[in-house]
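Chemist: The sequence and its predicted three-dimensional model are supplied below.
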Amino acid sequence: MLLTEIDHVAIAVNDLEAAIAFYQTAFGAEVEHREIVERDGVEEALLKVAESYVQLITGVREDSPITKHLAKRGEGLHHIGYRVDDCAKVLEAMVAAGATPIDAEPRPGSRGTTVAFIHPKGALGTLIELVQE
Ligand code: CO
């Protein structure tokens, strides 16, 4: 098995402060990490759940894929992050299994991780992010 953990479940939200407040009120959740990833045009807040995270994400500019996604589909589940030991190896295995990569090569993600995204078409309608710590 190449997956070692569910790294995160990512939820696209319009208002990051309001979303954090909702998780704080509902679950007593605390923000473990917060970051603006300029390359992706995304701001994220990570709420730790055991060894995984709930990742609340919003767009920080008009041309960001998340901003476009929110405009088209509204708030909701956006992608799932699978933790792996070797991002390049698992990306290769996914492509061999018929999946379509969005990132041809692993690249830097948030909090110093290495990541690669796989297109939902060819992956059971699920946007997948491979995350190597
Ligand atoms: Co993610």
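Modeler: Looks like it arrived, so ask away. Numbering: from 1, shown residues only.
Chemist: CA only for contacts and neighbour counts going forward, please
Modeler: Noted.
Chemist: Count the residues that sit near Phe79.
Modeler: Rather than Phe, residue 79 is His. His79 has 19 neighbours, counted by other CA atoms under 10 Å.
Chemist: Please, which helix or strand holds Glu5?
Modeler: According to DSSP states H and E, Glu5 maps onto strand 3-12.
Chemist: buried ones in that strand?
Modeler: For strand 3-12, burial by neighbour count (16 or more other CA atoms under 10 Å) applies to 6-12.
Chemist: now do stretch 124-133
Modeler: For stretch 124-133, the buried set under the neighbour-count rule, 16+ other CA under 10 Å, comprises 127-132.
Chemist: and if you look at stretch 114-125?
Modeler: Per 16+ other CA under 10 Å, stretch 114-125 contains these buried residues: 114-120, 122-123.
Chemist: Next: stretch 46-62.
Modeler: So stretch 46-62, judged by 16+ other CA under 10 Å, has buried residues 46-48, 52-60.
Chemist: neighbouring contacts of it?
Modeler: Contacts to stretch 46-62, defined as CA atoms under 8 Å, 6 or more residues apart in numbering, come from residues 5-16, 19-20, 29-34, 36, 41-45, 65-68.
Chemist: And the buried ones among those, selectable in ChimeraX?
Modeler: In ChimeraX syntax, the buried subset of those is picked out as below (16+ other CA under 10 Å):
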select :6,7,8,9,10,11,12,13,14,16,19,20,29,31,34,36,41,42,43,44,45,65,66,67
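Chemist: Could I get the full set of helices for the chain?
Modeler: Here the chain has its helices, by DSSP state H, at 16-27, 65-73, 87-96.
Chemist: what about the longest one, average pLDDT?
Modeler: So that's helix 16-27. For helix 16-27, mean pLDDT rounds to 97.
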